[in-house]
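Q: Got a predicted structure here, sequence first:
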Amino acid sequence: MPAPKKLTPMMKQYFEVKRALPKGAILLFRLGDFYEIFYEDAEIASRVCGITLTKRQDYPMAGVPHHAIENYVPKLLAAGHKVAICDQAEAAVPGKLVKRALTRILSPGTTLAANQLDESRNHYLCALHRDKKGLHAAWLDLSTGEFQLATDARADNLLPVLTALEPAELLLIEGDAATWREAPHDDVDAHALRDFCADRLVTELPGYHFEIAEGARTVLDALGVLNLEGFGLDEKHPGLGPAGALVHYATENLCAKPENLRALQEYRSARTLLIDPATLRNLEIFQSSRGSRAGSLLTAINRTSTAAGARLLERWLSAPELDLTEIRRRSATVGELLGEPMLLGELRETLAHIRDIPRILGRLQNRLRNPRELGGVRDTLGQVPDIHRLLSDFGQTLATDYPARIAELPELRDLLQRALSDEMPTDIAEGGAIRSGFDPELDRIRNLTRDNKTWLSELESAEQARTGIKSLKVKYTGNFGYYIDVTKSNLHLVPDNYIRRQTTVNSERFVTDELKQKEKEILHAEDNALARERELFATLIERILDESITLSHSAAALAELDVLAGWAVLAREWDYHQPELDESDVLEITEGRHPVVEQMLKAPDTAIIRGNQSFVPNDSLLSSSGEQLALITGPNMAGKSTYIRQVALIALLAEIGCWVPAAKCRIGLVDRIFSRVGASDDLARGNSTFMVEMNETANILNNATDRSLIILDEIGRGTSTYDGLSIAWAVVEHLHGSSEQGPRTLFATHYQELTQLDKHLPRLRNYSVAVKEWNDDIIFVHRIQSGAADRSYGIQVARLAGLPPSVIDRAKSILGKLESDDTSVELSAPQAKPKKKISVKPADDSQLSLL
Ligand SMILES: Nc1ncnc2c1ncn2[C@@H]1O[C@H](COP(=O)(O)OP(=O)(O)OP(=O)(O)O)[C@@H](O)[C@H]1O
């Protein structure tokens, strides 16, 4: 930034602050009622936020009113910028340079203000480091204090959960991202990390911030503990390097130590069902293929009514359980809730009044203190007695487990109910946060102001009577204070003790000694009232923070109840049933449905276009040692992809503890879900469609275990027919293997030839999707049946898609010839050109005879 040669003292101060900021942070510099922005920062802010760019001397400048800053900061953050706020640190005195200090730096991963966060989503800042021992990571949601770390010898064990967390910002050691980008082709982990970092906001820090010993010290200090044993962590845990980097970065951004970190948990991939990043995308778990939340599994199963509940649902979905006791606890609780529909309705109504306690605490602890947050704690505590009453009516575990976890805190509730006004102001400076009758001292000061105001109106009547001026008024303006207003026509009646202060168009303004004295008293009383309110407010915050651990445990239990009550409603709405989970190797589903497609078919806009179709349920049976590999053939559009995805989604739902869209379901725990479906280009990163397909397939073959569930859709389609068929064939053989068991696999394909493999592979089963033929048309019935499909109906489907009749006719005749022994096909060409003949002959007859 080209600093002008001769700087004013204020601009010197500006540059001092600016120099200390991280690279790229946009500085908002408080000047009176405005935040001013200078130089390139002003140009960026003007472009991103649409504010007017002006010039001061010869450099660009832009400004936003201080009260409107909340409208602009989110825009800058959303555009991937960091924003530094520098405020006046003392009251301004004319002619003297006011002290200024950096208040906080906002970045997409460390912002806390309610309007900068999606309330239904966690907001993670994540730090990563890879060395010879593997990948080490830590993540922190500063808005709620959730803090975790992890280490794993293999990146692909951690990347599933990291991808599902969708961090808002990543912290890396300087140079790591470039190393991963340039890594050799066979360094699969580096490429996976490169893909993970692409399109995310990355902040690079010097390597020493990631040192383990330093990290351990920083973390101990932030958590306020002497050792990490209470969290079951060794002080040499490699995740402490990234964890320390997170705390350091958060401290720098908040300009203070984060005060809401209470615990550090270790994430272990072996305890959760892993879903690799490609599968998360393919199965549209958090986002639909169009990138929106609508159409995702998350949206289809979300019936939460609180923000904390919505966030917990997202967390459960990103790390499904492998602990049978926990899964069964959740799904049994859904059953209890479902068993009492009336109580469930009441419970949900009560939950809807619960406020976002984890984030409220996060803000209060980190110095963002808005009176409404206190109102939120009061309102939430006000609901707890009702929740206890309702839970005890349910009986069973709901009556014992949850009430014990949701504290009533009657004293705090009573205090807040007595202290706080019904309607809370957004800013303590507005006054009125504390209810009258709570504090005798505040009431005394407020009465003083009130008495004084009565005195003023009495003064007005008295002066009107004394002077005979009926239109005389006692008025007030912000910069002038109290005065007596007399219209010009009555000036001759003004008594001697009136002191003239100002002339306006129609009147003159006067004061008297008595009025000046009263004005002082009033203003003083108002200031005193506000000061007293601030004092009381600070005490109330302290009282809340004294209970912060109890409050956050209660909030966690309430969020759980919210998710589970939502699932009970979902189960009732869509007729879901409780799955049975065990250690077996079976996956047996009776009348299973696809949770998202089923809801979509019933959505009003789809129903109008496609008629009121219902989803056709289908059964599935897989087991590692028996029916291990289901090969599904059938026409395009018949429902193969939907079917294989629905099996994966049902398994996933079962392992988060949700009920499932099936009449009956038994699942032996699945440790990983893999998928290879559809074709997606990754051209921007230098990978062709086929390369992506093969990468994903390689990942599956290298990492699947006998407990995994694999769904493969049209493997080999992205290359020439014979190459593709050979690859698909070899993949099926590999997955089947020669041992007694293998991963449960669903394989949808158009390669009819593969159906012959059941002769050699004892655990392969052929299935097909039934269609009805009617004249030359086909009708999709979406029913899975045993046995291979006899033909593929591609041309009929192409006609349904609207291909011109001439093309359809021609395709039919080519097909006829290809299917007969006559392999010569006439090319219909424009008349002007000579007729050509092409021969379609297999390149390798020996291979064909194999099929
Ligand atoms: N069981 C079902 N009940 C009702 N409709 C279904 C069912 N299964 C699929 N469908 C509908 O049929 C459409 C096509 O399904 P899907 O994409 O699964 O077919 P496919 O056999 O995989 O086709 P292709 O081979 O062309 O990829 C879906 O968009 C869905 O709306």
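A: Yep, it's here. Residues are numbered from 1 along each chain as shown.

Q: Following the top helix by length along the chain in sequence, what is the next regular element?
A: When the chain is parsed with DSSP state H, its longest helix is helix 513-546. With elements assigned by DSSP states H and E, the helix or strand that comes after helix 513-546 is helix 548-574.

Q: how about that next one: buried residues?
A: 548, 551-552, 554-571, 574 (16 or more other C-beta atoms under 10 Å). Using the backbone N, CA and C atoms, a C-beta is placed for each residue, glycine as well.

Q: So for the residue of the stretch 401-550 of the chain found nearest the ligand, what pLDDT did the model give?
A: Scanning the stretch 401-550 of the chain for proximity to the ligand using C-beta to the nearest ligand atom identifies residue 402 as nearest, at 37.6 Å. Here the pLDDT value assigned to residue 402 is 92.

Q: just residue 792 next, same as before
A: pLDDT, residue 792: 68.

Q: can you check residue 367 too?
A: pLDDT, residue 367: 79.

Q: and the closest residue to residue 340 other than its chain neighbours, what does it touch?
A: Excluding the flanking residues, the one nearest residue 340 by C-beta to C-beta, 6 or more residues apart in numbering is residue 394, at 5.6 Å. Contacts for residue 394 (C-beta atoms under 8 Å, 6 or more residues apart in numbering) come out as 336, 337, 340, 343.

Q: Wait, a helix at the first one?
A: Yes. When classified by DSSP: H, G, I helix; E, B strand; the rest coil, residue 336 is found to be part of a helix.

Q: residues touching whatever residue of the stretch 1-150 of the chain ends up closest to the ligand, list them.
A: Closest to the ligand within the stretch 1-150 of the chain is residue 120: 27.5 Å, counting by C-beta to the nearest ligand atom. Shown in contact with residue 120 (C-beta under 8 Å, 6+ apart): 304, 307, 310, 311, 314.

Q: Buried residues of whatever helix or strand residue 12 lives in, list them for me.
A: Element membership for residue 12, per DSSP H and E: helix 9-19. Using 16+ other C-beta under 10 Å as the test for burial, helix 9-19 gives 11, 13, 14, 18.

Q: How about stretch 634-648?
A: Quick answer for stretch 634-648 (16+ other C-beta under 10 Å): 634-648.

Q: what is the rounded mean pLDDT of that stretch?
A: pLDDT averaged over stretch 634-648 gives 90.

Q: Ok, stretch 69-85 next?
A: Average pLDDT, stretch 69-85: 87.

Q: what sits up against it?
A: Outside stretch 69-85, the residues touching it (C-beta under 8 Å, 6+ apart) are 17, 21-22, 24-28, 30, 35, 44-45, 48-49, 51, 64, 102-108, 111, 113, 115-116, 201.

Q: per-residue pLDDT, the closest residue in space to residue 811 that isn't next to it in sequence?
A: Nearest residue to residue 811, sequence neighbours excluded (C-beta to C-beta, 6+ apart): residue 795, at 5.1 Å. Per-residue pLDDT puts residue 795 at 75.

Q: Contacts only, for residue 795.
A: Residue 795 touches 808, 811, 812, 815, counting by C-beta under 8 Å, 6+ apart.

Q: quick one: the third one is in a strand?
A: No. For residue 812, which was evaluated using three-state DSSP, the result is helix, with no strand membership.

Q: Just give the number of residues close to it.
A: 14 (other C-beta atoms under 10 Å).

Q: mind checking the SS state of the most centrally placed residue in the chain?
A: Centroid-nearest residue in the chain: residue 121, 3.1 Å away (criterion: C-alpha atoms, centre = their mean). Following three-state DSSP, residue 121 is assigned to coil.
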